[in-house]
Every structure is written in C-alpha cells, then in structure tokens.
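Student: Here is the input, now give the coordinates:
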Amino acid sequence: MKELKLLAFVSIDGYSSRLNGDMDWVYRGDRSPLEMYDFTSFFNSIDRVVMNRMQYLALHFHDYTWPIHDKQCFVLTGKGSPVPLYNHGLLRFELLTSDDDHGKNALHYIRELQSQPGEGDIWVMGDYRLTAALLQHDLIDEINILRLPITLGSGISFLTGFGTERAWELCQVAECAGGAVLTRYHRLAAAAAQKAG
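Tutor: Predicted coordinates for the structure are as follows:
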C-alpha cells in the first residue's frame, strides 16, 4: 500500500495561508519554494500527486517550473465545479470528480490510488479541509513541514479542523535556505511497523 505524504509551507505562527487563502508570502521573487529548497529526496519518493481544485488553480497562476513533470497528477474536483486543464508542457492531469451518489468522494479516489501498483508514494496537496479529512481517517503516513521565517498574525492553520489526537515520530530536522527549517514526521504506528519489519 502506497504511503500518503503531506508537504506544507507554514509560517512561524503556524499558518499555511492568509484568511483569504492567499499564499503570496511563500512565493519570493521569480522562484517557487519548490525551486528554492531542495526537495529532491521527497520528490524521488513519490510517483503520483493528488491535489484539490484550489491548489491546482493556485499553482497554475504562478509561472514557475513544475518539479513533478515525471509524475502522474490528479485533480480532485466537486461535481458541478469544472476545472480547466491547462497545458503544462509534459505534465498531464487527470480529473477525479466527486459523485457522492455513487460513493466517489476525495477519500474514495485517494484510497483507490493507494492500492494501485507503482514504486513510489503519493503526495497529497490539499487545503485544510482535505488535510483534516485524511488525518481524521488516519490515512496520512508522513508530514513534511517547511517553516518559513515569517509571522502572519492571522490566517488558516495547516491543521485546522483536524480535532483528533495522533502520535508522530520526528524523523528529520534540516536547516534550509533563507532561514527556513524542514521537519519530517512519520505516523508512529507506521514507524513502529517499519522498524519491526
């Protein structure tokens, strides 16, 4: 079973976006954080990316190099919320449309992708609602947090709406460019199983 991994950009005071959902503070100059910081090992560990509609549209409107050109990419969208599929060079996106009448919601699609063959894991790029749903169902195996040296004063927390206690094991702490700090956590149950195996 493929692992599900999160990669979040967070302010010192714990916010992943402004109250209006804007992440302008993450993008500096003409480079994205995915270009500024070395995520080579993270990208090498995944073979597909799942994102929700808002993440996809936000990334489209920033003219940056996509570091996932060789990965399968899927966009979760609600029924009646069409997503225009823009041309991103070699990148090809597949739409996964929710249909609650037939039990096909975001969690259904993600579980399906987890069970498909492949050598890598899955990077889930979602807003706080998708993140909370995955954590509440104990589906996330690894959380990567890049804490940037900025305070926003207010905003939306990376883990808003989670509301469930979980134990995590710290696997890595690394200093990054510009004073950012990357921390990587593995779900404790998964980490214990890996050690036992």
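
Student: Surely Leu6 and Ile140 touch.
Tutor: Yes. Between Leu6 and Ile140 there is a contact under CB atoms under 8 Å: 5.9 Å. Placement of C-beta: from N, CA and C, glycine included.

Student: shared neighbours, the two?
Tutor: Val124, Thr131 (CB atoms under 8 Å, 6 or more residues apart in numbering).

Student: excluding its backbone neighbours, what's nearest the residue most central in space within the chain?
Tutor: Note on the chain: the residue nearest the mean C-alpha position is Met125, at 2.8 Å, using CA atoms, centre = their mean. Distances taken as CB to CB, 6 or more residues apart in numbering put Met51 closest to Met125, at 3.9 Å, once the chain neighbours are dropped.

Student: didn't the one you found look like it was pressed against Gly126?
Tutor: Yes. At 6.6 Å, Met51 counts as touching Gly126 under the criterion of CB under 8 Å.

Student: before we move on, back to that, and for the residue nearest to Met125, the neighbour number?
Tutor: 22 (other CB atoms under 10 Å).

Student: Make 6 the starting number, not 1.
Tutor: From this message on, residue numbering opens at 6, which makes the last subject Met56.

Student: How about the contacts made by it?
Tutor: Taking CB under 8 Å, 6+ apart as the criterion, Met56 is in contact with Leu64, Cys78, Phe79, Val80, Leu81, Val129, Met130, Gly131.
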